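S.K.: Sharing a model prediction with you, sequence too.
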Amino acid sequence: MKILHGTSLEAQKLHRQSIVIDLHADTLLLVFKLGYNLKKRHKNRIPLSPLCYHVDIPRMREGGVDAIGFSAPTLPFNIARRPGKVLRTIEKVSRWARGMRHWIVMVRSASAIREAHRSGLPSFFLTLEGAHGISATLEDLRRYRELGLLSITLAHLTRSDLAYPSTWGRWKHYRFPREGIALIEKMEEAGIIVDLAHVAERAFVDAIGACKKPPIVSHTGVSGVRPSWRNLSDYEIKCVAEKNGIIGVIFYPGFLTRSIVASLDCVVAHIKYLLKLVGDDVIALGSDFDGCVASMPRDLRDISYMPRLTERLLREGIPVDSIRKILGGNALRVIQEVCG
């Protein structure tokens, strides 16, 4: 792990000894659509570090990040999604991962994340952002799971028969469809995590009521700090906590503050709010690196800066055991419980 200026020996040791997990990044879209070389160290030379150049294997190592949730490289709109195409994309990622196994390990379970951590190799688990276009039969969901898919975000940017997105509050009062409830039941039976990021407000409550296993909200902020259509209300947060689920705090300042220019203090503010509201068993990290965001915190501009977050949490007086949970312990628990 690279020793960043401004991080104490205590923070470096804690970070190195913890299992650090980021629940959400869109890096594979760059790899498969633009030929981005994950083996090479990159640098975003644009101010505020917008949109991309946030993750690669050398910087994962520098940042001491053990596992990251890579979203499958599928386009977000309904017209671009078909069940056969989603399956082929997952198969393609699985084949690609076999060729990358000496650089980064594709993991399918919590034990595999622990094993990769012990071996010193970074790892990734595959996620799917948006259930539109998938085959929602139990047989096909089990096939997705066998190929390495660990979670599905029920909604993304456009509505479907399975879920309503939170996009600009347009569908905030819509009930969650019955087809979506049936999908949740099959996902849990297949060992796939239910991700409620991007789900509209009323539909969110309906969906979480159908969950029998811990759900996640992979990348979001909280409205108690920064009111936004993209963030969770206190009630939604408490619903996640009651199901023993987790909430990945996003890094994009535009959802965390009133400006796109900010320090990592904005991330810490949302973590501290969650600590006070529901405790340390609910909090995780969900950066949204390489996603469609206009900036990153100036001192958390890519994945190599992760130790600075650990340093900042220590300075806030957050207990070491709580920091370990936030960095990855909570995410590991949910992956273990749902995926085995």
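M.R.: Yep, that arrived. Fair warning: this is a prediction, and the values are worked out from it, not measured in the lab.

S.K.: how about the CA coordinates for the lowest-mean-pLDDT helix or strand in the chain, as PDB?
M.R.: Across the helices and strands of the chain, mean pLDDT, DSSP states H and E gives its lowest value to helix 83-99, namely a mean of 93. Extracted in PDB, the C-alpha atoms of helix 83-99 (Å, rounded to 0.1, in the frame of the first residue of the first chain):
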ATOM      1  CA  PRO A  83     -32.000 -11.000 -21.700                       C
ATOM      2  CA  GLY A  84     -29.600 -12.700 -24.100                       C
ATOM      3  CA  LYS A  85     -27.400  -9.600 -24.300                       C
ATOM      4  CA  VAL A  86     -27.200  -9.400 -20.500                       C
ATOM      5  CA  LEU A  87     -26.200 -13.000 -20.200                       C
ATOM      6  CA  ARG A  88     -23.600 -12.700 -22.900                       C
ATOM      7  CA  THR A  89     -22.100  -9.600 -21.200                       C
ATOM      8  CA  ILE A  90     -21.800 -11.500 -17.900                       C
ATOM      9  CA  GLU A  91     -20.200 -14.500 -19.700                       C
ATOM     10  CA  LYS A  92     -17.800 -12.100 -21.400                       C
ATOM     11  CA  VAL A  93     -16.700 -10.600 -18.100                       C
ATOM     12  CA  SER A  94     -16.200 -14.100 -16.600                       C
ATOM     13  CA  ARG A  95     -14.000 -15.000 -19.600                       C
ATOM     14  CA  TRP A  96     -12.000 -11.700 -19.300                       C
ATOM     15  CA  ALA A  97     -11.600 -12.300 -15.500                       C
ATOM     16  CA  ARG A  98      -9.900 -15.700 -16.200                       C
ATOM     17  CA  GLY A  99      -7.300 -14.000 -18.300                       C
END
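
S.K.: Show me what it is packed up against.
M.R.: Secondary structure elements in contact with helix 83-99, counted by 3 or more Cβ pairs under 8 Å, 6 or more residues apart in numbering; DSSP states H and E, are helix 27-34, strand 105-106, strand 123-129, helix 138-147. From N, CA and C alone the C-beta is placed, and that goes for glycine too.

S.K.: rerun at 7 Å
M.R.: helix 138-147 (3 or more Cβ pairs under 7 Å, 6 or more residues apart in numbering; DSSP states H and E).

S.K.: would you list every one of the strands in this structure?
M.R.: 21-25, 67-71, 105-106, 123-129, 149-153, 193-195, 216-220, 246-249, 283-285 (DSSP state E).

S.K.: Contacts only, for residue 238.
M.R.: Taking Cβ atoms under 7 Å, 6 or more residues apart in numbering as the contact definition, residue 238 lies against residue 278.
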